[in-house]
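A.B. asks: Build me a structure from this.
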Amino acid sequence: MTTASHQLADIPGLVRCETHSVPDILARATGMTRTAYPHEEVYGDYCTIQQYIDCSPEDVFDYLSDINTLDEYSVSTRAFEPAGEPGLFVGWDTLAENTRIYMRIEPNREALTLDYHCAWDQGEELWMIYLFRIVPAEQVLGKPGSVVLWTNCHHPNYDKNPYPELSPDPERIWVGDLWPLFYAGHRIELENLKRILEYRSGRGLPLAVAPGPEAAA
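C.D. replies: Below is the predicted model of the structure:
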């Protein structure tokens with residue numbers, strides 16, 4: 001028995017080639033593979049989407065790092081402006097009438113990752129976190145461009161508004177009520193992102209544009 005196997009011997013439920021035959025492992029994997037999966041099983045705690053974009057990783061990163069571009073590719077967040085603290089912005093989420101959304105973007109250019117830390121109604125606890133990773137497509141698909149990976153985790157606050165007293169309307173829909181639609185909604189936004197970047201990149205146009213009158217309305 002190897003040192004690693006000895007250290008793992010007391011942990012129940014592990015499936016490794018040292019303890020299970022290849023036919024048994026394949027049978028287990030086959031049993032876990034189905035033609036259809038319940039929505040809750042796939043997107044209950046985590047919602048991850050991905051897309052190939054024919055645009056350089058650096059350009060995709062720069063576009064996503066600019067908070068003004070949310071006016072273009074997002075379905076509903078608009079008109080972000082500085083909120084009084086360094087790096088903190090506040091805008092409107094038109095999915096719910098008169099709802100303010102606060103956001104701080106945390107980019108890492110070297111790793112090509114960036115996180116959107118957000119919250120409805122207040123900017124003290126930014127618990128809605130959108131995790132982006134941009135992967136050079138040359139490495140994973142063997143062609144130029146980018147693969148964008150986008151993940152949300154089901155924070156407990158999605159189930160219950162932690163600041164109900166800040167809601168502009170007690171009858172307003174809560175963002176957590178929309179969690180079952182996160183995959184579809186974010187898929188629409190990721191398709192918007194792909195179309196915008198590929199259109200401009202393919203024509204040699206600037207990728208990010210200054211917000212216009214529509215964004216300020």
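A.B. asks: What lies in contact with the host helix or strand of Arg195?
C.D. replies: Using DSSP states H and E, Arg195 sits within helix 182-202. With contact meaning Cβ atoms under 8 Å, 6 or more residues apart in numbering, helix 182-202 is reached by 43, 47, 49, 51-56, 59-60, 63-64, 72-75, 148, 150, 152, 178, 205-207. All C-beta atoms are positioned from the backbone trio N, CA, C, and that covers glycine.
A.B. asks: what's the answer for stretch 21-39, then?
C.D. replies: Stretch 21-39 has contacts (Cβ under 8 Å, 6+ apart) with Val15, Cys17, His20, Pro180.
A.B. asks: and what of stretch 146-166?
C.D. replies: Applying Cβ under 8 Å, 6+ apart, the external contacts of stretch 146-166 come out as 44-53, 55-57, 60, 121-122, 125, 127-137, 140-141, 167, 170, 174-176, 179, 182, 186, 190, 193.
A.B. asks: Repeat that for stretch 41-53.
C.D. replies: In contact with stretch 41-53 (Cβ under 8 Å, 6+ apart) are residues 60, 137, 141, 145-154, 179-180, 182-183, 186-187, 190-191, 193-194, 197-198.
A.B. asks: CA atoms only: put it into PDB for me.
C.D. replies: Provided in PDB are the C-alpha atoms of stretch 41-53 (Å, rounded to 0.1, in the frame of the first residue of the first chain):
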ATOM      1  CA  GLU A  41     -29.900  19.100  -9.800                       C
ATOM      2  CA  VAL A  42     -27.900  20.900 -12.400                       C
ATOM      3  CA  TYR A  43     -28.500  24.600 -11.400                       C
ATOM      4  CA  GLY A  44     -29.600  24.300  -7.700                       C
ATOM      5  CA  ASP A  45     -26.500  25.500  -6.000                       C
ATOM      6  CA  TYR A  46     -24.300  26.600  -8.900                       C
ATOM      7  CA  CYS A  47     -25.100  28.100 -12.200                       C
ATOM      8  CA  THR A  48     -22.300  28.000 -14.800                       C
ATOM      9  CA  ILE A  49     -22.400  29.000 -18.400                       C
ATOM     10  CA  GLN A  50     -19.700  29.100 -21.100                       C
ATOM     11  CA  GLN A  51     -19.300  30.400 -24.600                       C
ATOM     12  CA  TYR A  52     -16.600  30.700 -27.300                       C
ATOM     13  CA  ILE A  53     -16.000  34.200 -28.500                       C
END
